[in-house]
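[1] need a 3D model of the following:
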Amino acid sequence: QVQLVESGGGSVQAGGSLRLSCAASGHTCMAWFRQAPGKEREGVADINILGTTTYADSVKGRFTISVDNRKNTLYLQMNSLKPEDTGMYYCAASGVCNFRLGLYTYWGQGTQVTVSS
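    Below you'll find the predicted structure:
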């Protein structure tokens, strides 16, 4: 059974940084999603086996998705955080490799990110 385990969430002030990690391996594509209270889940970024990345407009230039295949870990480096980045962040893997569709096969339990102003 495939398990994805996120870590690295926390509380920071606006302008700060966090790095999320997701223990995952052997997937053709992986992605990060987030869901704020009362809002729908939205895709943040994805990366495929070739290393091609895609980002939501709201995080371009601030977030970086990457994979360390030696450590079997997916990362999301988040810089210049804003209060509107607050939410539960989930990693996802395999399935339809397009974060805008949200049709990934495997999902983690999430890690909370809170950004205060």
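[2] and the gap between Met88 and Glu6?
    Counting by CB to CB, to the nearest Å, the gap from Met88 to Glu6 is 9 Å. C-betas here are computed from N, CA, C, even on glycine.
[3] try Ala14
    Distance from Ala14 to Glu6, counting by CB to CB: 22 Å.
[4] now swap in Arg100 and tell me
    Using CB to CB, Arg100 is found at 21 Å from Glu6.
[5] who has more neighbours out of those two?
    In terms of neighbours (other CB atoms under 10 Å), Glu6 is the more surrounded of Arg100 and Glu6; the figures are 23 against 12.
[6] test my guess that the more buried one contacts Cys91.
    Yes: with contacts counted by CB atoms under 8 Å, Glu6 reaches Cys91, the gap being 5.4 Å.
[7] okay, and the common contacts of Met88 and Glu6?
    Common neighbours of Met88 and Glu6 (criterion: CB atoms under 8 Å, 6 or more residues apart in numbering): Gly110, Thr111.
[8] need phi/psi at Tyr104.
    Per-residue torsions, Tyr104: phi -90, psi 150 (degrees, to the nearest 10).
[9] what residues does it make contact with?
    Tyr104 is in contact with Cys29, Ala31, Ala92, Ala93, Ser94, Gly95, Val96, counting by CB under 8 Å, 6+ apart.
[10] for Ala45, see how far away Gly8 is.
    Per CB to CB, Gly8 is found 15 Å from Ala45.
[11] neighbour-wise, which of the two wins?
    In this view Gly8 and Ala45 are compared by other CB under 10 Å, and Ala45 has more residues nearby, 20 against 16.
[12] separation between that one and Trp32?
    Ala45 sits 5 Å away from Trp32, going by CB to CB.
[13] which stretches of this structure form helices?
    Secondary structure of the chain (DSSP state H): no helices located.
[14] who does the spatially most central residue of it form a beta bridge with?
    Nearest residue to the geometric centre of the chain (CA atoms, centre = their mean): Trp32, 2.5 Å. Note on Trp32: beta-bridge partners Ala45, Cys91, judged by DSSP bridges.
[15] contacting residues for the residue nearest to Leu74 when sequence neighbours are not counted?
    Take Leu74 and drop its neighbours on the chain: the residue closest to it by CB to CB, 6 or more residues apart in numbering is Cys22, 4.2 Å away. When contacts are counted by CB under 8 Å, 6+ apart, Cys22 touches Leu4, Val5, Glu6, Ser7, Met30, Trp32, Thr73, Leu74, Tyr75, Leu76, Cys91, Gly108.
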